[in-house]
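Trainee: Test case, fold it:
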Amino acid sequence: MHYLTIQVQPGLLGAFSESAIDALQAPDVPEGSVLGVEVNRGDDDGPYVNVTFATPNPQVLWPAIREVVVLHGLQRASIITCTGSRGWDNYLLLHHFGREAPTERFGAR
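Mentor: Numbers count the residues shown, from 1 in each chain. Take a look at the predicted model:
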């Protein structure tokens, strides 16, 4: 089981719509690709929304998530991570709003 998490920081956007979070929770993926979705909200030097998917196959889920992020203009305000074979000990940073952060791809390690 893997966990793919999208953190959206609305304060980094000029305009933010909750419909983007709704869309993130319902990506267009094959049946069985998502076993659960959890949404957490908080404030740590600014508001954030975490959307976490439990998935047996994050490589299938990731392209659908990336499409929703781009469609709703969230790339400037999101961080996307996925647990690796050892959980969070070897997680992948798939996307970071700060372009200087090095991102990774599935199978690149």
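Trainee: Now do the helices in this structure.
Mentor: With helices called from DSSP state H, the chain shows them at 18-24, 58-71.
Trainee: tell me what the shortest one is packed against?
Mentor: Counting by 3 or more C-beta pairs under 8 Å, 6 or more residues apart in numbering; DSSP states H and E, the packing neighbours recorded for helix 18-24 are strand 2-8, strand 47-55, helix 58-71. No exception for glycine: its C-beta is placed from N, CA and C like everyone else's.
Trainee: cutoff 6 Å now
Mentor: Judged by 3 or more C-beta pairs under 6 Å, 6 or more residues apart in numbering; DSSP states H and E, helix 18-24 is in contact with no other helix or strand.
Trainee: any residues touching it, and which ones?
Mentor: 6, 49, 51, 68, 72, 74 (C-beta atoms under 6 Å, 6 or more residues apart in numbering).
Trainee: Average pLDDT for stretch 41-48, rounded please.
Mentor: The average pLDDT within stretch 41-48 is 95.
Trainee: now residue 39: how far from residue 106?
Mentor: If you measure residue 39 against residue 106 using C-beta to C-beta, to the nearest Å, the figure is 24 Å.
Trainee: Apologies, that question was intended for residue 87.
Mentor: Applying C-beta to C-beta to residue 87 and residue 106 gives a distance of 16 Å.
Trainee: With residue 26 instead?
Mentor: Using C-beta to C-beta, residue 26 is found at 22 Å from residue 106.
Trainee: Also residue 49?
Mentor: For residue 49, the distance to residue 106 - C-beta to C-beta - is 24 Å.
Trainee: between these two, who's got more neighbours?
Mentor: residue 49 (20 against 12; other C-beta atoms under 10 Å).
Trainee: Sounds good, over and out.
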